[in-house]
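Undergrad: My questions concern the predicted model and sequence given below.
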Amino acid sequence: FTGVHFAAYEAAKKILSELYPDQAGDDHLLTHVAAGGTAGALASGITTPFDVVKTRLQCQGVCGATKYSTSSVTQVVKEIVRREGSAALFKGLKPRVLFHTPAAAISWSTYEAVVSRTWEANYERLYCLKLQYFAYIVLALYFESKKL
């Protein structure tokens, strides 16, 4: 999930910046909301079959759930498709997408806002430190030259 999520987020940000170059800044909220939501929807949709298999393996034999003769993911996929059809691998797709889309949009926009604000605050502090360091070097060179 996470690999697809990160890749989709970066791809969506790039596409949005190409489509809307005037709104392509790193601090543009709508870019992060749209890219995050798209990434969440895409990642949850693509990984739903894997989630179905994982859940079936975790719940096998509990409360009447199907018990599988193997823990092989490939064999469980084949068993599910044979018994219930390929559509069974996408059970729960809508709720999963409806959960992950806004969650990712909120998470990414919050993350980017915090990073942006933190960077701005630290950039000023780092710039001041650079100036202080530069002044220190100039003073050290000045006093060193006076010793000679």
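TA: Done, it's in.
Undergrad: Show me how far the strand or helix carrying Gln58 is from its chain's centre.
TA: Under the criterion DSSP states H and E, the helix or strand holding Gln58 is helix 29-59. Its chain's C-alpha centre and that of helix 29-59 lie 10 Å apart, by Cα atoms, centre = their mean, to the nearest Å.
Undergrad: what about that helix, average pLDDT?
TA: Summarised as a single mean, pLDDT over helix 29-59 is 94.
Undergrad: Just want the angle from the lowest-mean-pLDDT helix or strand in the chain to helix 29-59.
TA: Using mean pLDDT, DSSP states H and E, the weakest-scoring helix or strand in the chain turns out to be helix 93-147, at a mean of 80. On the basis of axes from the mean of the first three to the mean of the last three Cα atoms, to 10 degrees, helix 93-147 is oriented at 120 degrees to helix 29-59.
Undergrad: Check which helices and strands helix 93-147 sits against.
TA: Of the remaining helices and strands, those touching helix 93-147 by 3 or more Cβ pairs under 8 Å, 6 or more residues apart in numbering; DSSP states H and E are helix 2-19, helix 29-59. Backbone N, C-alpha and C define where each C-beta goes, glycine included.
Undergrad: picking that back up, beyond the helix holding Gln58, next helix or strand please.
TA: Toward the C-terminus, helix 29-59 is succeeded by helix 73-84 as the next helix or strand (DSSP H and E).
Undergrad: name the helices or strands packed onto that following helix?
TA: Applying 3+ Cβ pairs under 8 Å, 6+ apart, one finds that helix 73-84 contacts helix 29-59.
Undergrad: Quick one: work out the angle between the helix it packs on and helix 73-84.
TA: Using the same axes, to 10 degrees: helix 29-59 against helix 73-84 is 80 degrees.
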